[in-house]
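> Pasted the sequence and its predicted model underneath.
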Amino acid sequence: MADKVDLQADHAALRDTFASRRYFRKFDVITGHLTRVAAQMRADGELSGDEVEVLTRYLAMIGYTFRALSMKYLLVGRETGQFFGSLSIDTVDSGFPVFNELLVMANDALQARQHLEGLPGVEAIKRQMVEQIVGQQSLPTRLQFALSQRLYYEELQRGQLFWARNDPRAIWLSGLEDRRRYLLHWAVYDSQLNLPVIYMMEVEDSGKDALPKDEHRWPEAQAHLMGQSLGGLKLVTIAKGFDEQFNDLHPKRLRRIHLGPMYSHAYTLQSGPLREVLAEAESPEGQDWALAWTVEELESERVTEAKVGWFSTAEREVFALDPFGGRGVDTGATRTERSIILPERPYQVLAEKAPAGFASVRKFVVGAAGRVLSYR
C-alpha cells in the first residue's frame, strides 16, 4: 500500500518527493478513467454527444493542469539551492489542490514567455546534466530543477488548462432564424470546496442576432453566468436569474457537475464509510482512491408569459423540481444523481460492507484495461 503522508490540518503541503510524485500519478490515472466514465454515460443515454465532448474537454484541461503542477513540484523535497514551496492540497473537503495553487499558476502563465526567455532550452539543460554526471560524478539536482521549471512554463504557454474561471462558450445545436438553440458551457474551481465544477445550459435564443455574435448580449450573458457560478447557489436560483435578466434567452436545461471529493487513505482525512473501505481494501499503489461525481439537473417544465414594462410581455420558464418528499425545494433541482468512481478492490470491500447511504449511489468500477462497469 502507498506510504501515508503526515496530514495535520485541512490543508497539507506535500514536501516529500515520492509522496508528491505518487499523488500526481494517482490523478493521472483518475483523469484517464473519467473520460471513460463520460463515454459510459453517453452509452447509457444520460449525456448527448455534444455534452460528452464538452465534458471530455474539461477533463482534459484538468489533466493538463495536474501535469503542469507535477512539473512545477517535480523536485520538491530535494536540495535545489532555492526554496520554491510545495503543493498544498485540501485533505478534508476535496483531496484536490487548494484554490490558491490555481491562482498562482494563472499568474505564472501571464509571465511564462519571460521566464522561458531566461532559461536555457531543454536540450541544452540535458547536455549540461550529462556533463555534470560524467565529469563531476555528482547529481545535477539544480539542473534538474531548471529543467522542471522549463517544462512547467512550456506547459503553461501551451494553454488549455483548467483555470479558476473558465468563461462561457457557446455551441450551436439547432435553429437558424427566429429560434436558435445553444449549449452554453463554463467551469469554475470552487474556492470554498477546492473542487472543479462544470456547468452546461441549453438555451433558446429568440433575439434578433445570434447570441455568440451579439456584441452586447453575449458579453453580458457571460459575465452574468460567471457571477452566478457559486457552489452555494441552487440551480433554480441561477436559471431563474438568467431567465429574468435576458428576455430573449430562455434556459431550458441546466446541469452542474461536481468532480470530487477524491478520497485516498494515503492522502486525505475525510471521515465516514469510504475512508474505512479504502483502509480495509489495502489496495496497491495507484488503486487507493475513490472519486465522488455528482450531477445536478434542472429542466424547464413549461413556459408562461410575464409583463415586462407597460406594453410588452416576455416568456418565463417554470422549472420542474424534484417531486419526492419536497426535496426539490431543498435542492433546487429536478434531479440529483450521486456517483462514486473507484477501482475494483475498493468496490469489492464497499459491496461487502454495504454501508448505509450508499444503496442509492451509482458506482462506476474502473479496471486497469480501461473497462468501466456501472452498478446502481
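Yep, that arrived. In this text, all values refer to a predicted model and were calculated from it rather than measured experimentally. Residues are numbered from 1 along each chain as shown.
> After the helix ranked longest in the chain, which helix or strand is next? Please name it.
Looking across the chain with DSSP state H, the single longest helix is helix 17-43. Using DSSP states H and E, the helix or strand that follows helix 17-43 in sequence is helix 49-72.
> Just after that following helix, pick out the following helix or strand.
strand 87-90.
> helices or strands up against that next one?
strand 11-14, helix 17-43, helix 99-110 (3 or more C-beta pairs under 8 Å, 6 or more residues apart in numbering; DSSP states H and E). No exception for glycine: its C-beta is placed from N, CA and C like everyone else's.
> quick one on the thing from earlier: on contacts alone, who are the packing partners of the longest helix of the chain?
Partner elements for helix 17-43 (3+ C-beta pairs under 8 Å, 6+ apart): helix 49-72, strand 87-90, strand 249-263, strand 290-308, strand 335-343, strand 362-366, strand 372-375.
> Show me what the last one is packed up against.
Contacting strand 372-375 under the criterion 3+ C-beta pairs under 8 Å, 6+ apart are the following elements: helix 17-43, strand 362-366.
> Next, format these as CSV and append mean pLDDT and mean neighbour count.
Below are the helices and strands packed on strand 372-375 laid out as CSV (pLDDT from 0 to 100; neighbours: other C-beta atoms under 10 Å):
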stretch, mean pLDDT, mean neighbour count
helix 17-43, 90, 19
strand 362-366, 93, 20
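> which stretch among these comes nearest His258?
Among the helices and strands packed on strand 372-375, the nearest to His258 by C-beta to C-beta is helix 17-43 (12.6 Å).
> Figure out how far that closest one is from the centre of its chain.
11 Å (C-alpha atoms, centre = their mean, to the nearest Å).
> swap in stretch 86-100?
13 Å.
> So what's the model's average confidence on that stretch?
Stretch 86-100 shows a mean pLDDT of 90.
> Equivalent analysis for stretch 225-241, please.
Average pLDDT, stretch 225-241: 93.
> For Tyr182, which non-adjacent residue is closest in space?
Leaving aside its chain neighbours, Tyr182 sits nearest to Ala170 (4.7 Å; criterion: C-beta to C-beta, 6 or more residues apart in numbering).
> count of residues packed around that neighbour?
21 (other C-beta atoms under 10 Å).
> Next up, identify which helix or strand the closest residue in space to Leu184 that isn't next to it in sequence is on.
Leaving aside its sequence neighbours, Leu184 sits nearest to Met201 (C-beta to C-beta, 6+ apart; 4.6 Å). Assigned by DSSP H and E, Met201 belongs to strand 195-205.
> Between strand 249-263 and that strand, find me the angle.
Orientation check (axes from the mean of the first three to the mean of the last three C-alpha atoms, to 10 degrees): strand 195-205 against strand 249-263 gives 160 degrees.
> Tell me which other helices or strands strand 195-205 touches.
Looks like strand 195-205 contacts helix 49-72, strand 180-190, strand 249-263 (3+ C-beta pairs under 8 Å, 6+ apart).
> quick one: least confident helix or strand in this structure?
Taking mean pLDDT, DSSP states H and E as the measure, the chain has helix 327-331 as its least confident helix or strand, at a mean of 60.
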